[in-house]
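>>> The sequence and its predicted three-dimensional model are supplied below.
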Amino acid sequence: KAGVTQTPRYLIKTRGQQVTLSCSPISGHRSVSWYQQTPGQGLQFLFEYFSETQRNKGNFPGRFSGRQFSNSRSEMNVSTLELGDSALYLCASSPENVNVLTFGAGSRLTVL
Amino acid sequence: QQQVKQSPQSLIVQKGGISIINCAYENTAFDYFPWYQQFPGKGPALLIAIRPDVSEKKEGRFTISFNKSAKQFSLHIMDSQPGDSATYFCAASKRRDSSYKLIFGSGTRLLVRP
């Protein structure tokens, strides 16, 4: 059974650009969550999607957005990139009504 | 009230020893407490989890001890092995409208010396 797949694994952007990250959940998992991991702030919750609806949102500015498609695949977008957005962005999927998150390997974003 | 405080920040243990990582929380609404293990270049992987209605849960060499009154929980790794060298995160969550949002501790970098 394939795990959570995130693309791209690494990317470099410059300040002011925007970026889109993709996540394919485990087959059958309808919940997709996104987390930001940085050395200074640790792992922070961004948002969670279920059946194309955002069910929960963390304390991040509106530059961070996401969406989920009918096949449960999810994307997150960060607009007007700042240096502080450099981080590992982790996607996790879970079965319905089960609080067991399986994380992908992450997308490492570097903002120059 | 949303914080989960984790200690120590780093830990060095000899092979065969016991590794102990502690976490404390404030929000009594939390009802699920997982521990995640993360190796370099990988995402966190669920190791073991506990709910507040039990005081201890053991899976192999890994044990969670939970103290509801003190709002603390800890991970014990018995017979620690070099392959256990990783970063460990405690977390807590509460169910809200079927949505789960994990609040993570700051992480503990464990090194097990051969």
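Cool, got the structure. None of these values were measured; they are calculated from a predicted model. Residues are numbered from 1 along each chain as shown, chains lettered A, B, ... in the order given.
>>> For residue A:35, what is the enclosing helix or strand?
Residue A:35 is located in strand A:31-38, with elements delineated by DSSP states H and E.
>>> Tell me the first helix or strand C-terminal of that strand.
Next along from strand A:31-38, by DSSP H and E: strand A:42-50.
>>> for that following strand, packing partners?
For strand A:42-50, the packing partners by 3 or more C-beta pairs under 8 Å, 6 or more residues apart in numbering or on different chains; DSSP states H and E come out as strand A:31-38, strand A:53-57, strand A:64-68, strand A:74-78, strand B:86-92, strand B:99-100, strand B:103-104. Where you see a C-beta, it was placed from the backbone N, CA and C, and this is true even at glycine.
>>> Give me the packing partners of the last one, helices and strands only.
Going back to what we said before, that points to strand B:103-104. strand A:42-50, strand B:86-92.
>>> Can you give the distance from the next helix or strand after it to the centre of its chain?
Going down the chain from strand B:103-104, the next helix or strand is strand B:108-113, by DSSP H and E. In terms of C-alpha atoms, centre = their mean, to the nearest Å, the centre of strand B:108-113 is found 14 Å from the chain centre.
>>> helices or strands next to strand B:108-113 in the packing?
Applying 3+ C-beta pairs under 8 Å, 6+ apart, one finds that strand B:108-113 contacts strand B:10-14, strand B:19-25, strand B:86-92.
>>> between these, which one is nearest to residue A:44?
For residue A:44, the closest of the helices and strands packed on strand B:108-113 is strand B:86-92, at 11.6 Å, according to C-beta to C-beta.
>>> Give me the below-cutoff pLDDT ranges for the chain.
Picking chain A for this. Scanning chain A for pLDDT under 70 picks out the ranges A:1.
>>> hmm, I had chain B in mind actually
Ranges of chain B meeting pLDDT under 70: B:1-2, B:95-98.
>>> give me the number of residues near the residue of chain B found nearest chain A?
Proximity of chain B to chain A (C-beta to the nearest C-beta) peaks at residue B:43, 3.3 Å away. For residue B:43, the count of nearby residues is 22 (other C-beta atoms under 10 Å in any protein chain shown).
>>> Nearest spatial neighbour of it, chain-adjacent residues omitted?
Once flanking residues are discounted, residue B:43 sits nearest to residue A:103: 3.3 Å by C-beta to C-beta, 6 or more residues apart in numbering or on different chains.
>>> ditto for residue B:70
With sequence-adjacent residues excluded and distances taken as C-beta to C-beta, 6+ apart, residue B:70 is closest to residue B:24, at 7.8 Å.
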